[in-house]
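Trainee: Kindly return the folded structure for what I paste below:
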Amino acid sequence: MKRRKIAYGVLVFILLVILYVIFFPWISVLSISNKKNPKQKIYSTQAYEAGFCISYTHSVNKGRVHDYYECDKANGDLILTNSHFVSYGAGMPELEETDGASFVLLENGYLMKNINRRVPKLVMAVGVIANHTFSPCYFGGELPGEPLSEISFTDFFEPQTSLIFECKKINYIDFMLYGLKRD
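Mentor: Below you'll find the predicted structure:
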């Protein structure tokens, strides 16, 4: 009888541990979700850990823009750290607008460094012409890391879909269902 109680206790404990691992949100990810249909989403652990780049074709100057972000692991904010662009156009960052930022002239354009603009989440729309892409990337050194491999948002979402980017914790089931398999 005593062995049976111990066996049941061990079984219940193992079951609770398994349920905890499966359903408790413990995996840190960058979440990209459809604003109108939150069930349509993708997650990236690599982008959460290493940072990521959103690239697009600027609507005025038609040059390619690369905005580099990091997840603040302490409070979950997104931080726009750097922006690389070919030439100026409407909406491009101004040095005077951002304390501590600096410009670097590169042979392929301009890099605005140390922007450090924080937002709790980023909302943007998948462009029809802008060819928005996403790529996890590594940071370090003077210049932002090179994008690892660009993934078009239209591979996952329809053009003109509003997307929400946020750093969050999810459970194992959600990660298995929506985790970015190209990580």
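Trainee: and the closest residue to residue 106 other than its chain neighbours, which of the three is it?
Mentor: Counting by CB to CB, 6 or more residues apart in numbering, residue 84 is the residue found nearest to residue 106 once chain neighbours are left out, at 7.5 Å. Backbone N, C-alpha and C define where each C-beta goes, glycine included. Assigned with DSSP: H, G, I helix; E, B strand; the rest coil, residue 84 falls in the strand class.
Trainee: looking at the protein, which helix or strand is least sure?
Mentor: strand 102-106 (a mean of 85; mean pLDDT, DSSP states H and E).
Trainee: how far is stretch 115-135 from where the chain is centred?
Mentor: Relative to its parent chain, stretch 115-135 has a centroid offset of 9 Å by CA atoms, centre = their mean, to the nearest Å.
Trainee: For it, give the mean pLDDT please.
Mentor: Mean per-residue pLDDT for stretch 115-135: 93.
Trainee: Okay, buried residues for that stretch please.
Mentor: Of all the residues in stretch 115-135, those buried under the rule 16 or more other CB atoms under 10 Å are 115, 117, 124, 126, 130, 132-135.
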